[in-house]
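Enquirer: give me coordinates for this.
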Amino acid sequence: MPNYISGTDAGRAGVDVYNLGAAYLGPAYLPFNVPGDPSTPGFEIENVGLSKSIADRLDDRTRLLEGFDRLRRNVDDSGVMDAMDQFGQRATQLLTSPAAREAFDLSAESDALRDRYGRHAWGQRALLARRLVEAGCSFVTMVMEKPYQSGVPWLKEGTYNWDSHAVNCHLFRDAEVRLPVYDQAITALVEDLYDRGLDRDVLLVVTGEFGRTPRITYQNGTQTGVMQPGRDHWPNAMSMLVAGGGMRTGQVVGSTNNKGEHPQDRPLTPNDLWATVYRHLGIDYKAAFPDLAGRPQLILPFGEPIAELL
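Expert: Sure, this is the predicted structure:
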């Protein structure tokens, strides 16, 4: 299985859309993306599995590639050539792996469980995430951006993503549709991980990118043409959900002031969350590695695992 898999809506698979890129680590570390809606009938993962027409030719093609006189890697500063070699190896492994095909096959799950997650893109992505980590994938990112698909009717006052500015959506009416879909998918995933005894091995993090303004704003909506409520970007405070990972769950860590403007008790940073994740994965979050110029770069410049969870 690929070490890192992402799931996005079709047409939103670019690594820069959600900051899924590998920066100077190079393209070999990009996620294997699974675009599209897993709840649609006949949903298939592109480029997983071989058709009968080419299966017999795979060995010949592999030997041919191995026989090419390749360019010297020391003249390629971008790392693209090395990445292509690694991609080729991974692609061959993926194409010839029955385990990979089975991991992506949601039809292997019972109808009752699929219904529990929800027969929509968000629910089936959450279920697919569980199957992928169960099959050995180390890191899975599933993007839950657009709820208005898979039979969830489009709301004129709604918005594609979570960008709930008043110009984009009616905050409350959009939430009435969006939050039940979100709640169904996330609670099903948490329950399923615990029911299967995966809660110590799998650390689940459910998060956005920042908070929203404590004060509601009003503006004419682009789609509705009428005055409607919304919220804007707010980097000063946010919250997230974590579950599993053998952690002490069932608690709230930290607080904001009574208006939700800024942290008040036990302020934490994203680096504290990442230190917690790295610790769970067995990675020394205080270690350093050389960048492309040979200079040491810390994995995290600051941050400590969240003690309340350990």
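Enquirer: tell me, how many residues neighbour the closest residue to residue 32 other than its chain neighbours?
Expert: Leaving aside its chain neighbours, residue 32 sits nearest to residue 2 (4.0 Å; criterion: Cβ to Cβ, 6 or more residues apart in numbering). For the C-beta atoms, the positions are set from N, CA and C on the backbone; glycine is no exception. Taking other Cβ atoms under 10 Å as the neighbour definition, residue 2 ends up with a count of 19.
Enquirer: now name the helix or strand holding residue 2.
Expert: Applying DSSP states H and E as the criterion places residue 2 outside every helix and strand.
Enquirer: my guess is it meets residue 135, correct?
Expert: No: using Cβ atoms under 8 Å, residue 2 is not in contact with residue 135; the gap is 10.3 Å.
Enquirer: find me the pLDDT at the residue nearest to residue 32, would you?
Expert: Looking at residue 2, its pLDDT is 81.
Enquirer: what values do phi and psi take at it?
Expert: Reported as degrees, to the nearest 10, the phi and psi values for residue 2 are phi -60, psi 150.
Enquirer: could you check how far it is from residue 45?
Expert: 11 Å (Cβ to Cβ, to the nearest Å).
Enquirer: near the residue nearest to residue 238 when sequence neighbours are not counted, how many residues? Count them for me, please.
Expert: Closest residue to residue 238 apart from its sequence neighbours, by Cβ to Cβ, 6+ apart: residue 211 at 3.5 Å. By the criterion of other Cβ under 10 Å, residue 211 has 18 neighbours.
Enquirer: burial count for residue 305?
Expert: 17.
Enquirer: what distance do you get for the closest residue to residue 143 other than its chain neighbours to residue 263?
Expert: Among residues not flanking residue 143 along the chain, residue 8 sits closest, at 4.7 Å (Cβ to Cβ, 6+ apart). Using Cβ to Cβ, residue 8 is found at 31 Å from residue 263.
Enquirer: which residues in the stretch 201-310 of the chain form helices?
Expert: For the stretch 201-310 of the chain, applying DSSP state H, counting those that start in this stretch gives helices covering 270-281.
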